[in-house]
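Asks: Need coordinates for the below:
(chains A and B)
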Number of protein chains: 2
Amino acid sequence: MKQLKLGIIGMGNMGSSHAKKIAAGDVPEVRLTAVAEREPDRLARTKAYLPAHTALFDTPEALMDSGLCDAVLIATPHYEHPSLAIKAFERGLHVLCEKPAGVYAKQVREMNERAASSGVVFAMMFNQRTNPVYRKMHELVNGGELGAIKRVNWIITDWYRTQVYYDSGSWRATWAGEGGGVLLNQCPHNLDLLQWICGMPSRVRAFCHNGKWHDIEVEDDVTAYLEFDNGATGVFVTSTADCPGTNRLEITLEWGKLVCEHDKLTLYKLDRNEREFCFDKNVGGFERPSWAAHEIETEGEDPKHLGVIAAFAGRILNGTPLTAEGAEGIRSLELSNAMHLSSWLERTVDMPPDEELFLAELNKRAAASRHKTGTGAVFRTEGSYGA
Amino acid sequence: MKQLKLGIIGMGNMGSSHAKKIAAGDVPEVRLTAVAEREPDRLARTKAYLPAHTALFDTPEALMDSGLCDAVLIATPHYEHPSLAIKAFERGLHVLCEKPAGVYAKQVREMNERAASSGVVFAMMFNQRTNPVYRKMHELVNGGELGAIKRVNWIITDWYRTQVYYDSGSWRATWAGEGGGVLLNQCPHNLDLLQWICGMPSRVRAFCHNGKWHDIEVEDDVTAYLEFDNGATGVFVTSTADCPGTNRLEITLEWGKLVCEHDKLTLYKLDRNEREFCFDKNVGGFERPSWAAHEIETEGEDPKHLGVIAAFAGRILNGTPLTAEGAEGIRSLELSNAMHLSSWLERTVDMPPDEELFLAELNKRAAASRHKTGTGAVFRTEGSYGA
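Replies: Okay, the predicted model is just below:
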């Protein structure tokens, strides 16, 4: 079997989790040839769980220049994603980038341009796109048989995190180190799925609350109102302090409604297009179209992160499709940038948000960012990344 | 049995529905002695369904001055509720007022003051307060055992109405005739329950869309964001064009979560207060408090409108409690006034909203209101007032 020689950059929660699984053979088409980690203790600890043949490097550049890797998986703090990806592109290395694509759209736009001109494979770790329920929603909404979208409502508050989590990393939950809170760390998945299923909104008004539930300077509670070009509206609510949280995505369309909750997808299908029924002169004032509720069968397993990594290897080795193209990472980032900017300026923001203005506002906050020392704890993350 | 002699003012959808039921003996402690209706054809039609002993009047004042009634139920278009209630108070008549209490808080404040000084019984037709599910939510949230509220989210989009409905009344869905759309006609129930269960918010930012789904000049689609004094936030979404609509009320508190959907109430109860757990240094970064889900048993039937009418009679005849005090009607109206005002001015509005400013803005819209002729249709309304 052909194998992709992969190096992982960053041995934090995500990087170490991926490394263990690949080293254990969970993605047979990938061989973990190297890892890089700048923090010496953390790098030393990898010896306990990685095979002897995996080379260890104390800088990303040393790993990239080693000749041991054809591709890299970038799992560092967010700010570095674009610059490291660009370094990899320059060396002809394929890149799988953890979410978010970066912290501000301007740097991600440059990354996308460099990826396009380099000709390497560039993918984003949007592992929730492998969930059969969301794949089915994407298919049903974009297939057109349900008509235009009228409303979308996502309550995605099941990203619970304790203060201990926030205290673990010096970069974590700071404007200077992470560049945001729940929108940038947990929600890139949901924001990506939202745009993948429903398309991009045209206007955003958001209400972000910083350090509302935790001792942090960034947002841990967000309510956003969205408007789309076709007149549809949306609500997106998230938090890292609701327990038990909710993950309920509802999409109302001309021909009915899709509801995804508890990993179950229900379609309420009308017998007539509501828009036509509404203006029928022969119906009563309180009458409604009839509907039937269907539990939608979804096909296949959810391979999650391993599926994204396998698809990345598959594209490089055999030309098969990616789970998510790298260039698509900018969309969820534009959404979170717009939500931050709207909340900072206390006004509605048109999409895409002004990149220079966003960066200037972010830099103000980063300049005033408080110094923080992390505990350095690495957590077991299984089952912690949402349904 | 002692009986209350009741007159009903307004023989539209609601007034005629109440009249039929009372005439049929559905509220044994009430005798329907008179009805008033200004529209001659509609008044004449009442003869077909009312007993011969029920007197018919072509003005509210004639009914009030007839000496046939001890109390009146006001079921006219909204603008008239306060002025008619005040006329009744002046004559020493008890008043049960259909929702909303009025169209703008200023007139309702005057009504409340006049009610207080008159000493008669004054009640609001908040028939959804008789729903055992909402009674239980009120009890659980206000009982305190679940701690402080952190978030409330109500998707209440099951108020479906067709264009034929809006075309039926010349006053309906106009700024001059009705003073608003879904917020003023359908949502007073939900806004009342929201404040009854969760208390009044301190700030509101709303996005109302006028004539978005119907050929009307008022709002038929609303998304509102709420902030409460204790830091809790909320979302309220409503529409008369979603089909099938949703009625899902979720309240997150320190000790868990209440979810009411499909007329079923579920309590997710934590084993520890989340606020305390979050800052416990001995828990992991991704750990959560444990919880158990309980389907909450609710007691009793839902007597709906008839229960409110019976309680009204009970207070007058025997001093027993009302379903909703008349003076409380101003709260849901302040909420809808704030949502309108926020949307008109495109900014956050502090509660209570400025009454003079609201009225000035409403009057601008009423002055430009389009002329409309109604079909005069009266609809069967059973089962149309939400769960």
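Asks: need the contact list for A:M111.
Replies: Contacts for A:M111 were tallied using Cβ atoms under 8 Å, 6 or more residues apart in numbering or on different chains; they are A:81-82, A:85-86, A:101-102, A:326. In short, each C-beta sits where N, CA and C put it, glycine included.
Asks: Which one of these is nearest to chain B?
Replies: Of all these, chain B sits closest to A:H81, with 21.7 Å by Cβ to the nearest Cβ.
Asks: what separates the closest one from A:K281, distance-wise?
Replies: With distances taken as Cβ to Cβ, to the nearest Å, A:H81 is found 57 Å from A:K281.
Asks: And the two? Which one has more around it.
Replies: A direct count of neighbours by other Cβ atoms under 10 Å in any protein chain shown for A:H81 and A:K281 places A:H81 higher, at 28 against 8.
Asks: which residue sits closest to that one, ignoring its sequence neighbours?
Replies: Closest residue in space to A:H81, ignoring its immediate chain neighbours: A:G102 at 5.0 Å, by Cβ to Cβ, 6 or more residues apart in numbering or on different chains.
Asks: does the one you found count as helix, strand or coil?
Replies: Following DSSP: H, G, I helix; E, B strand; the rest coil, A:G102 is assigned to coil.
Asks: Now it. Its backbone dihedrals?
Replies: A:G102 has phi and psi values of phi -180, psi -160 when expressed as degrees, to the nearest 10.
Asks: Using the three-state scheme, assign the residue in the stretch 1-150 of chain A positioned nearest to chain B.
Replies: Using Cβ to the nearest Cβ, the single residue of the stretch 1-150 of chain A nearest to chain B is A:K150, 6.7 Å away. With three-state DSSP as the basis, A:K150 sits in strand.
Asks: Surely it touches B:G245?
Replies: No: taking contacts as Cβ atoms under 8 Å, A:K150 lies outside contact range of B:G245: 11.0 Å.
Asks: who has more neighbours, the two?
Replies: Between A:K150 and B:G245, counting by other Cβ under 10 Å, A:K150 is the more crowded of the two (25 against 21).
Asks: Identify the residues contacting that one.
Replies: A:K150 sits in contact with A:231-232, A:252-254, B:241-242, where contact means Cβ under 8 Å, 6+ apart.
Asks: now do A:A123
Replies: A:94-97, A:308, A:311-312, A:315, A:322-326.
Asks: List phi and psi for it.
Replies: phi -130, psi 150.
Asks: got the contact list for A:I8?
Replies: A:15, A:18-19, A:22, A:32, A:34-36, A:72-73, A:75.
Asks: does it sit in a helix, a strand or a coil?
Replies: Per three-state DSSP, A:I8 ends up strand.
Asks: Quick check: the residue of the stretch 101-250 of chain A nearest chain B.
Replies: Closest point on the stretch 101-250 of chain A to chain B, by Cβ to the nearest Cβ, is A:Y165, at 3.0 Å.
Asks: where in chain A is pLDDT low?
Replies: A:380-387 (pLDDT under 70).
Asks: can you do 50?
Replies: Along chain A, segments meeting pLDDT under 50 span A:385-387.
Asks: domain ranges for it?
Replies: According to automatic domain parsing, chain A comprises the domains A:4-127+A:303-325, A:129-301+A:332-367.
Asks: For the residue in the stretch 251-387 of chain A positioned nearest to chain B, pull up the helix or strand it's in.
Replies: At 3.0 Å from chain B, A:G285 is the closest residue in the stretch 251-387 of chain A, using Cβ to the nearest Cβ. A:G285 is part of no helix or strand when elements are defined by DSSP states H and E.
Asks: The closest residue to A:V152 other than its chain neighbours: what's it in contact with?
Replies: Spatial nearest neighbour of A:V152, chain neighbours left out: A:G234 (4.1 Å); criterion: Cβ to Cβ, 6+ apart. A:G234 makes contact with A:151-154, A:194, A:198, A:201, A:225-228 under the criterion Cβ under 8 Å, 6+ apart.
Asks: What of A:G179?
Replies: Taking Cβ under 8 Å, 6+ apart, one finds A:78-79, A:103-104, A:362, A:366 in contact with A:G179.
Asks: same thing but at 6 Å, please
Replies: Counting by Cβ atoms under 6 Å, 6 or more residues apart in numbering or on different chains, A:G179 makes contact with A:78-79, A:103.
Asks: Neighbour-wise, which one of those leads?
Replies: Neighbour-wise, the contacts of A:G179 (other Cβ under 10 Å) top out at A:V103, 27 neighbours.
Asks: before we move on, back to that, and the residue of the stretch 251-387 of chain A closest to chain B, how far from A:C208?
Replies: Distance of A:G285 to A:C208, computed by Cβ to Cβ: 41 Å.
Asks: Likewise for A:E61?
Replies: Applying Cβ to Cβ, the value for A:E61 to A:C208 is 35 Å.
Asks: Mind checking which of the two has more residues around it?
Replies: A direct count of neighbours by other Cβ under 10 Å for A:E61 and A:C208 places A:C208 higher, at 24 against 14.
Asks: The helix or strand containing that one: partners in the sheet, and parallel or antiparallel?
Replies: For A:C208, the host element (DSSP H and E) is strand A:203-210. Looking at strand A:203-210 with DSSP bridges, its partner strands are strand A:219-227 (antiparallel), strand A:349-350 (antiparallel).
Asks: so the residue nearest to A:V349 when sequence neighbours are not counted, which of the three states?
Replies: Spatial nearest neighbour of A:V349, excluding adjacent residues (Cβ to Cβ, 6+ apart): A:S342 at 4.3 Å. At A:S342, secondary structure determined by three-state DSSP is helix.
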